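> task: produce atomic coordinates for the following.
(5 chains)
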Amino acid sequence: MKGKKKVGIADTTFARYDMGAAAIDELRKHASVEIERYTVPGIKDLPVAAKILFERGCDIVMALGMPGPTPLDKTCAHEASLGLIFTQILVSKHIIEVFVHEDEAKDERELAMLADRRTREHAQNVIKLLFKPEMLRKEAGMGMRQGFEDAGPLRL
Amino acid sequence: MKGKKKVGIADTTFARYDMGAAAIDELRKHASVEIERYTVPGIKDLPVAAKILFERGCDIVMALGMPGPTPLDKTCAHEASLGLIFTQILVSKHIIEVFVHEDEAKDERELAMLADRRTREHAQNVIKLLFKPEMLRKEAGMGMRQGFEDAGPLRL
Amino acid sequence: MKGKKKVGIADTTFARYDMGAAAIDELRKHASVEIERYTVPGIKDLPVAAKILFERGCDIVMALGMPGPTPLDKTCAHEASLGLIFTQILVSKHIIEVFVHEDEAKDERELAMLADRRTREHAQNVIKLLFKPEMLRKEAGMGMRQGFEDAGPLRL
Amino acid sequence: MKGKKKVGIADTTFARYDMGAAAIDELRKHASVEIERYTVPGIKDLPVAAKILFERGCDIVMALGMPGPTPLDKTCAHEASLGLIFTQILVSKHIIEVFVHEDEAKDERELAMLADRRTREHAQNVIKLLFKPEMLRKEAGMGMRQGFEDAGPLRL
Amino acid sequence: MKGKKKVGIADTTFARYDMGAAAIDELRKHASVEIERYTVPGIKDLPVAAKILFERGCDIVMALGMPGPTPLDKTCAHEASLGLIFTQILVSKHIIEVFVHEDEAKDERELAMLADRRTREHAQNVIKLLFKPEMLRKEAGMGMRQGFEDAGPLRL
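Numbers count the residues shown, from 1 in each chain, chains lettered A, B, ... in the order given. Coordinates of the predicted model:
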């Protein structure tokens, strides 16, 4: 018998906001899932962390990170993202990447709020992917955004 | 006995136009195929969605998305595209990527029309790949475009 | 008994010149090979087309395409090239990529001539790879170019 | 019976500081581990060096390098990083990448100090990943940096 | 009984200097190895050439090429490099990439000298990797360069 769904939370010590805690709090609000958390130094360590979490039985993984603002940071984020995508293709399971770039907000307070909100809204996406795919289908093409206001569907 | 061909439709809640509905409508106009739709949050979730659709028996997948206009959005689209290409190589089946970039049109109305038209013209390509490869061969080198006017063959 | 060598020709409807026809014409001039042609919509569909051609018994594949001039087109070409390289690594067989970028020529007529000439010169490379590797070795370091004048070896 | 944990040290002759020696010194200070060192010419040789170290029984690998300051050097670093990420995904084990870019410091002395300090702080991360994952979890979201002052958690 | 080590030499007709001949000459000066040479049209054909050379029993491969100076050439080199790295990861054997970019030298004579010297110095690295890994370890962090003067270790 297959028990509860298990969600992996891969996060970093590099991030300046505890996205992992926000993700776990939000997941627990919406569903009864098993959770395994795995903290690594930086975003480039997230792909293998996710791979390891899948090998420990996770059905889906959230990969949480806060890339810095320099060109080198942007390259790191790009490399991490490619690694996360290839890991998903190899294991045929979703990794929901939640990256908050330091230059997306105008000050530290806004950055923290963005990190919190985006993480929580993506945690809700994780719940939908696991349990309510029909809700995602209803939102198809609706211009949903995580952390910012939804763009909404195009006006004709 | 192998039954009907099955087409996977992977689309996103991030998109601002219901490309999935347009694709399904167009496919149904031209052929009798089984269709499975799978909606994910964003374009970076499309590669694994396509992989999962193939594992559920799809013969071909359409990956539909609308990347935003910022450099970060462009990088996301690039990452998604690479993931879609590697998924195809792994499973030896086509994924027809239909991406409509927000900065390809001058206003929201034109963007919606572009998204609709490009999706439908690529749905026709899906039909050709599945049932009428000889039609594609006849169009080889003809400068075909999806969503915009065809460029046509070079004038000599 | 292994019969004739088989060459796959993967080309696109996006291209504005019938590079596939040029390739086949040139191959037939120089050798007796079996040829299978597979036309897809765009260059990003070429990697899986090549993979499928190898699965249908091809010993080598030509991947023919004409990327457009915009930054987005350049990114597509880059993605396609990476896909072609990974396909080769997976199957341990050559794919000769023949891409003609729209901004490599000053007008449509020159572009068509470039597409024709580059395709044909690469078709000759295919023949050499299949049947006359010693001819390539003789040209090693000679500054050979396809479609343009050879650069030639460095003058000392 | 599984004996001591084994740490692989992959470093380069291109680097201008003996990061390998610093890593080994720091590891020995904090834990009793077996160490295997493998020196290659440049950073692009690190991914396969790490793969080989894993095949020789390493549980984790440190990949140490000092990319130069030119755009070409940056591209090499990007390629090496992607290779390191894919190696990790294939073997499901961590490679801690420690790259120190030549343009991160204002003079040679500062560069050496940065290389030494970042290597040592990442060696401590290796120890944590192997033996004290709960310490990393406690530092999650704390804005840890290696080689420079920690950024710290966001102020609200 | 395992006989002599075998070195693969993959080179191109695009290059403007016979790097393959230089590599073979240098290898023969320093060791008794079996050599197999495989010439392909351009640098993007090198990854699969290396893969094929490994399948023919090579223990290590040198991939020799001379990318042109344009942005498109730089992209080709990047793609080739990624392919070479992934090939190494797949087979767990080294490919020593020796690329000489046309814009690294101020004239044709200097370019030829650079191509010759870099190739030979990397051939010596091949010998060290195969037979004298302890020599590379001694040079770790010494700022070694191939083709140009060594940068040397950092001054403190």
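> count of neighbours near residue A:102?
With neighbours defined by other CB atoms under 10 Å in any protein chain shown, the count for residue A:102 comes to 18. (Each C-beta comes from the backbone N, C-alpha and C, glycine too.)
> what helix or strand is the closest residue in space to it that isn't next to it in sequence located in?
Spatial nearest neighbour of residue A:102, excluding adjacent residues (CB to CB, 6 or more residues apart in numbering or on different chains): residue A:69 at 4.5 Å. Counting by DSSP states H and E, residue A:69 is held by no secondary-structure element, helix or strand.
> can you pull the contacts of residue A:69?
A:101-103 (CB atoms under 8 Å, 6 or more residues apart in numbering or on different chains).
> equivalent analysis for residue A:47, please.
Here residue A:47 is in contact with A:63, A:80, A:83-84, A:86-87, D:85, D:88-89 (CB under 8 Å, 6+ apart).
> coming back round to it: how about the contacts of residue A:69 in JSON lines, adding secondary structure and pLDDT?
Formatted as JSON lines, these follow (DSSP: H, G, I helix; E, B strand; the rest coil; pLDDT from 0 to 100):
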{"residue": "A:101", "secondary structure": "coil", "pLDDT": "97"}
{"residue": "A:102", "secondary structure": "helix", "pLDDT": "94"}
{"residue": "A:103", "secondary structure": "helix", "pLDDT": "93"}
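> what parts of chain A come near chain D?
Within reach of chain D by CB under 8 Å from any CB of the partner chain, chain A has these residues: A:11-21, A:37-41, A:44-45, A:47-48, A:51-52, A:55, A:72, A:75-76, A:79-80, A:82-83, A:86-87, A:90, A:108-109, A:111-112, A:115.
> so what's residue A:74 closest to, chain neighbours aside?
Spatial nearest neighbour of residue A:74, chain neighbours left out: residue A:67 (6.7 Å); criterion: CB to CB, 6+ apart.
> burial count for the one you found?
For residue A:67, the count of nearby residues is 26 (other CB under 10 Å).
> mind listing the helices for chain A?
Listed in chain order, the helices of chain A (DSSP state H) span A:19-30, A:46-55, A:71-91, A:108-131, A:133-138.
> packed most tightly, which of those helices would that be?
Highest mean neighbour count of these: helix A:46-55, a mean of 24 (counted as mean count of other CB atoms under 10 Å in any protein chain shown).
> next, the angle helix D:71-91 makes with that one.
Relative orientation of helix A:46-55 and helix D:71-91, computed by axes from the mean of the first three to the mean of the last three CA atoms, to 10 degrees: 10 degrees.
> give me the residues contacting stretch A:72-84.
Counting by CB under 8 Å, 6+ apart, A:42-44, A:46-48, A:50, A:63, A:65, A:67, A:95, A:97, A:99, A:101-102, B:44, B:75-76, B:79, B:82-83, D:74, D:78, D:81-82, D:85-86, D:88-89, D:101 sit against stretch A:72-84.
> what of stretch A:85-95?
The set of residues external to stretch A:85-95 that reach it, using CB under 8 Å, 6+ apart, is A:47-48, A:50-51, A:54, A:58-63, A:84, A:126, A:129, B:40, B:44-45, B:47-48, B:51-52, B:55, B:79-80, B:82-83, B:86-87, B:90, D:86, D:89.
> do stretch A:111-122 as well
Residues from elsewhere that reach stretch A:111-122, judged by CB under 8 Å, 6+ apart: A:15-17, A:19, A:22-23, A:25-26, A:62, A:64, A:66, A:96, A:98, A:100, A:102, A:104-105, A:146-148, B:41, D:154, D:156.
> show the buried residues in these.
A:15-17, A:19, A:22-23, A:26, A:62, A:64, A:66, A:96, A:98, A:100, A:102, A:104-105, A:146-147, B:41, D:154 (16 or more other CB atoms under 10 Å in any protein chain shown).
> so which of these are in strands?
Mapping the buried ones among the contacts of stretch A:111-122 onto strands (DSSP state E) picks out A:62, A:64, A:96, A:98.
> that concludes my questions; thank you for your assistance.
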